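Trainee: The following comprises the amino acid sequence and a computationally predicted model.
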Amino acid sequence: MASPDEVDPHLVFTVASVWREERISCPHPDLLRSFTSGGMAGGAAEFVAFHLRESQCPYCNAVVEAQRAEEDRAKQPVLEDLRDRLLRSTATELRRKRV
């Protein structure tokens, strides 16, 4: 048996490191979106929760964060557009009342 000093560093790995590096257990981004939107139940939801929280998968957590940021950005223009339309309609109505 080789001593630790003689072991090739390319041969040192664990099952966990292989799974993490190759992303073997990572759910598809569509499944992550379904999970974060509450559209997933049962064992699938439990697995994704475990994968994100307990395994702390950096790749999938980054995907979830990006999806949430995208959703937040998608909501903003709607609110800003609504605000602008309300402002314009109010100004138009006030102008009509003056005449």
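Mentor: Looks like it arrived, so ask away. Since the structure is predicted, the reported quantities are computational estimates derived from the model, not experimental observations.

Trainee: What helix or strand is the most centrally placed residue in the chain located in?
Mentor: When Cα atoms, centre = their mean is applied to the chain, the residue found nearest the centroid is residue 64 (1.1 Å). If you go by DSSP states H and E, residue 64 is part of helix 58-98.

Trainee: For that helix, enumerate the helices and strands it packs against.
Mentor: Secondary-structure packing of helix 58-98 (3 or more Cβ pairs under 8 Å, 6 or more residues apart in numbering; DSSP states H and E): helix 29-36. C-betas here are computed from N, CA, C, even on glycine.

Trainee: pLDDT of the helix it packs on, averaged?
Mentor: The average pLDDT for helix 29-36 rounds to 94.

Trainee: quick check: angle from it to helix 58-98?
Mentor: Inter-element angle recorded for helix 29-36 and helix 58-98: 60 degrees (by axes from the mean of the first three to the mean of the last three Cα atoms, to 10 degrees).

Trainee: Remind me what helix 29-36 packs against, helices and strands.
Mentor: For helix 29-36, the contact count by 3+ Cβ pairs under 8 Å, 6+ apart identifies helix 42-49, helix 58-98 as packing neighbours.

Trainee: just how off-centre is that helix within its chain?
Mentor: Once both centres are worked out by Cα atoms, centre = their mean, to the nearest Å, helix 29-36 turns out to sit 8 Å from its chain's centre.

Trainee: Stretch 65-85 too?
Mentor: Put simply, stretch 65-85 sits 16 Å off its chain's centre (Cα atoms, centre = their mean).

Trainee: And the contacts of the helix or strand encompassing residue 18?
Mentor: Element membership for residue 18, per DSSP H and E: helix 15-22. Applying Cβ atoms under 8 Å, 6 or more residues apart in numbering, the contact partners of helix 15-22 are 24-25, 57.

Trainee: Among these, which one lies nearest to residue 44?
Mentor: residue 25 (12.8 Å; Cβ to Cβ).

Trainee: burial of the residue lying closest to the closest one once chain neighbours are set aside, as a residue count?
Mentor: Leaving aside its sequence neighbours, residue 25 sits nearest to residue 19 (Cβ to Cβ, 6 or more residues apart in numbering; 5.7 Å). Neighbour count of residue 19, defined by other Cβ atoms under 10 Å: 14.
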